[in-house]
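1. just need the structure, nothing else, for what follows:
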Amino acid sequence: MATAGDRHMHSKAEAEWQQALELEKKLKAVYRKRSFYDPEARNLRGQLRNSYEALLFIDAAFAAANDVELALWRAVFYRPIEEFRSRLKQAEKAGEVGATQIPKVAVAFVKFLEEASLFYRRLIMQLQAVYGDVGVKLDVPKEAVAAATAGRAAGATNGAGPMQSSASSSAPRDVRPSIHRCLIYLGDLSRYMAQAAPKTAAAAVPQQQQHHPAARPDWIKAAHYYRLAARVLPRSGNPHNQLAVMAVMTNDELRAVYHYARSLCVGIPFQTAKENLMLLFEQNRQRYAQYAQRQQQQQRQLSPAQLLADLSVCYVRVSGLFFDRINQYEYPNISSNAVAALAAFTGHASLIDIMQRQPRADCTPLHLVVLGVFAVHSSSAAPAEGRSTAAAAGVGFADAAQRGQQRSRALATLYKTGRLLCQAGATACNAVAASAGAAANGSNSTAGQEWKGTACLLVSVNVLFHWLAAQPIYAGIQINSATDDEVKSRATFWTAAAQLITAAAAAYPSSRAAAAAAGGQQQQQGSGSGGGDSDGGALPEELELLGFEPLRSKHYFHVTDVGKLAADEPATRTCRMLAAARVVSGHLSTSEQQQLIRQYSTAAAAGSNAVQPQTMRQLATGVQKFVTAVAEVAAGAAAVRSAAAGATTAAAAPGDQAAGEAMDVDLPLNQQQQVDDEQEEEVIVFKPRPSRLSAMSEDTAPAAAAAPAGGTFTAAAAPAAAATA
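-> Numbers count the residues shown, from 1 in each chain. The predicted structure is shown next:
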């Protein structure tokens, strides 16, 4: 029930809203007569900005209901941005006459964007100061806050808005949707700035030197804001759509498809991504035709960069087949080329060196696995509703058969991809183990550098194992729709996965103390994954894939504290990878083995099954190798833990010791913590304010509260911000 104070603030917000609408009408009238950069237009924009900003703090519920943040962006910032971009295009089309105007317009445009960016950075910090800390830390000069206070005071004098405002709700407001939207706008502003900044120096860069670094847009800052937005509200697909747009602009097709897939596989899908994805697939179809023609003529050794380019073209083409579901007759040839391209890439002598230069949470192997998972789930989606009962009876069977074939092909491609990544990962782990042995003997070792390259391969396999653990229906075959190609792919995958499990356990051996500590902590956390780790911190790929729906499951989870990063990343990753492998192994050993025997016997007797009896035998063998490898690794870890528990019996409580022995065992690995020189991941955790702040708190509160030490992030369902061009 609303209190008298709430009703008063709502009335105040209503009055401010009406005033803002009047200001917007006046601004539109001025635009029809004068330039958008006219002093009167700039003054009205300033008043309108203060009015909309005040609404965000007077009544949060009213502001959310009326989409004040979007109204503020469109009226105050995006309209001038459109005008600036239009003028730049006109000047570029004017040839030599407009060439002299481009730097002048670009300089004014960049200045406007910088001012807008400063406004949104300050707004984000003030929203956190009033409503609760989200963990987003931005650089905001103190003088900017002072200027905002003076501007609001002037607005109150002119009747444009209240001098002070306060949060209106007695209950803490979930400010993450607002912060998320503001971060999207900051990303857009940075993207426009990256495009306009080189034009400010266009006169100093000759036409023939357009590849000069001064003419290249820098997307780093824009991508940073978009990723922050995705971390604040993982269920929104908007940030990934914007990241995909940037990838398209830089001709990175594989990364673009990855982000479009991420924008659709979330709780709040960004539907425009479907249209963008179809357009990208159409453009890729032409590139793939050029690639196929080049393959027929090409006999020379390819460079790593060319191998990576071919890999991107092929896998994007395969993704397009699964997404648009047309030209399916091309699948065997395209899939074969994609797998061959990946085999050539993972088999290159410089693979580890290439992987070292890629971010672990944004690397090519991870993109391939996510695209494969996206294809499987897209193929498994139910047909559109709205058909009549008669139509459903006739068309439903055809739809089910087609989806079964699509799913089988998607699974076959994913398992082939996983096999090659497992084989490459096993080879890399063996190299790490060899380097560690050389270091122990006093020889020069490159274990640190090899770990960085190996990590990218293990990241992708870790995600694949966790998906199979979360979606066990895809770990086991569906004999009614499975093809011989799918079953062969599964057989070779489980064999390669067994090799990787063994190699990873040997490459990252655990110490006795670490094994005992992991077992005890896992017991306290009660993870449903059945797997422990050294510190419970988050891995880069776990933070990157927050909100990715295919990894969610009612039956499988592992406790991860997203409020901190894993202190020992190699140990934590390998522990969790092996934990997920144990879950998958349990499913296969209890159900699939018996099912395989029955299906093999039936197929052998009938002789007419789509899957050949010999292929079924290969699958049973591969599964057995995987189950055995996981059991052996778990037994080795159990021995280490038992020895560690025996050494600490005197200090441990009897109940704790029994609980530790009863726990499922994983390997806390690595004898020494590897030091990574990459930039640390942002930690995003929402910590709401427990009570309403006073009327003076908006401008006097600190920019943001201290980041919480821990806690679990829970995404909130809220509408995503509208996309901007």
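2. A helix includes Q478, no?
-> No. The assignment for Q478, made by DSSP: H, G, I helix; E, B strand; the rest coil, is coil rather than a helix.
3. any idea which helix or strand carries the residue lying closest to it once chain neighbours are set aside?
-> Leaving out its chain neighbours, the residue that sits closest to Q478 by CB to CB, 6 or more residues apart in numbering is G404, at 7.5 Å. Heads up, the C-betas are built off the backbone N, CA and C, glycines and all. Taking DSSP states H and E as the criterion, the element that holds G404 is helix 389-440.
4. for the record, mean pLDDT for that helix?
-> Average pLDDT, helix 389-440: 81.
5. what residue ranges in the stretch 51-200 of the chain score low on pLDDT?
-> Judged against pLDDT under 70, the low-scoring parts of the stretch 51-200 of the chain cover residues 143-172.
6. can you show me the helices along it?
-> If you assign secondary structure with DSSP state H, counting those that start in this stretch, the helices in the stretch 51-200 of the chain sit at 60-65, 68-72, 79-93, 96-99, 102-131, 142-157, 176-200.
7. re the thing from before, packing partners for the helix holding G404?
-> With contacts defined as 3 or more CB pairs under 8 Å, 6 or more residues apart in numbering; DSSP states H and E, the secondary structure elements packing on helix 389-440 are helix 304-324, helix 331-346, helix 351-356, helix 364-379, helix 447-470, helix 484-507.
8. what's the least confident stretch among those?
-> Ranked by mean pLDDT, the helices and strands packed on helix 389-440 end with helix 447-470 in last place, scoring a mean of 85.
9. who are the packing partners of that helix?
-> Counting by 3+ CB pairs under 8 Å, 6+ apart, the packing neighbours recorded for helix 447-470 are helix 351-356, helix 364-379, helix 389-440, helix 484-507, helix 540-544, helix 569-587.
10. then that helix to CSV, C-alphas only?
-> The C-alpha coordinates for helix 447-470 follow below in CSV (Å, rounded to 0.1, in the frame of the first residue of the first chain):
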residue,chain,number,x,y,z
ALA,A,447,55.3,-23.8,-19.0
GLY,A,448,53.9,-20.3,-18.3
GLN,A,449,53.6,-19.4,-22.0
GLU,A,450,52.3,-22.9,-22.9
TRP,A,451,49.6,-22.6,-20.2
LYS,A,452,48.2,-19.4,-21.7
GLY,A,453,47.8,-21.1,-25.1
THR,A,454,46.5,-24.3,-23.6
ALA,A,455,43.9,-22.4,-21.5
CYS,A,456,42.0,-21.3,-24.6
LEU,A,457,41.6,-24.9,-25.6
LEU,A,458,40.6,-26.0,-22.2
VAL,A,459,38.1,-23.1,-21.9
SER,A,460,36.2,-24.5,-24.9
VAL,A,461,36.2,-28.1,-23.6
ASN,A,462,35.2,-27.0,-20.1
VAL,A,463,32.1,-25.2,-21.6
LEU,A,464,31.3,-28.3,-23.7
PHE,A,465,31.5,-30.6,-20.8
HIS,A,466,29.3,-28.3,-18.7
TRP,A,467,26.7,-28.1,-21.4
LEU,A,468,26.6,-31.9,-21.7
ALA,A,469,26.2,-32.2,-17.9
ALA,A,470,23.5,-29.5,-17.9
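11. just the CA atoms of the one helix or strand Y225 maps to, as CSV, please.
-> Y225 belongs to helix 220-232 when assigned by DSSP H and E. The C-alpha coordinates for helix 220-232 follow below in CSV (Å, rounded to 0.1, in the frame of the first residue of the first chain):
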residue,chain,number,x,y,z
ILE,A,220,38.2,-1.2,-27.3
LYS,A,221,36.3,1.3,-25.2
ALA,A,222,32.9,0.7,-26.8
ALA,A,223,33.4,-3.1,-26.4
HIS,A,224,34.3,-2.5,-22.7
TYR,A,225,31.0,-0.7,-22.0
TYR,A,226,28.9,-3.3,-23.9
ARG,A,227,30.6,-6.1,-21.9
LEU,A,228,29.9,-4.3,-18.7
ALA,A,229,26.3,-4.0,-19.7
ALA,A,230,26.1,-7.7,-20.4
ARG,A,231,27.7,-8.4,-17.0
VAL,A,232,25.2,-6.2,-15.2
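12. right, and the helix or strand after it?
-> Past helix 220-232, the next helix or strand by DSSP H and E is helix 238-249.
13. mind listing residues that contact the helix or strand just after that following helix?
-> Past helix 238-249, further along toward the C-terminus, the next helix or strand under DSSP H and E is helix 253-264. The set of residues that contact helix 253-264 without belonging to it, under CB atoms under 8 Å, 6 or more residues apart in numbering, is 237-241, 243-245, 247-248, 269-270, 273-274, 276-277, 280, 284, 287, 311-313, 315-316, 319, 362, 364, 367-368, 370-371, 374, 548.
14. recalculate using a threshold of 7 Å.
-> 237, 240-241, 243-244, 247-248, 269-270, 273-274, 276-277, 280, 284, 312, 315-316, 319, 364, 367, 370-371, 374, 548 (CB atoms under 7 Å, 6 or more residues apart in numbering).
15. mark which of those are buried, thanks.
-> 237, 240-241, 243-244, 247-248, 269-270, 273, 276-277, 280, 284, 312, 315-316, 319, 364, 367, 370-371, 374, 548 (16 or more other CB atoms under 10 Å).
16. follow-up on the earlier one: what average pLDDT does the helix holding Y225 get?
-> Here the average pLDDT along helix 220-232 is 94.
17. quick one: buried residues of stretch 74-94?
-> When burial is assessed from 16+ other CB under 10 Å, stretch 74-94 yields the following buried residues: 75-81, 83-85, 87-88, 91.
18. pipe those residues into TSV and attach distance to D133 per row.
-> Output for those, formatted as TSV (distance: CB to CB, whole Å):
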residue	distance to D133
A75	29
V76	26
F77	26
Y78	28
R79	32
P80	32
I81	30
E83	37
F84	35
R85	35
R87	40
L88	39
A91	44
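19. of these, which is the nearest to A566?
-> Within the buried residues of stretch 74-94, distances to A566 taken as CB to CB reach their minimum at F77, with 38.9 Å.
20. show me what contacts that closest one?
-> Contact partners of F77, counting by CB under 7 Å, 6+ apart, are A116.
21. and it, how far is that from A54?
-> 17 Å (CB to CB, to the nearest Å).
22. using TSV, lay out the helices and strands packed on helix 447-470 together with distance to E40.
-> Converted to TSV, those look like this (distance: least, CB to CB, whole Å):
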stretch	distance to E40
helix 351-356	56
helix 364-379	50
helix 389-440	59
helix 484-507	67
helix 540-544	47
helix 569-587	57
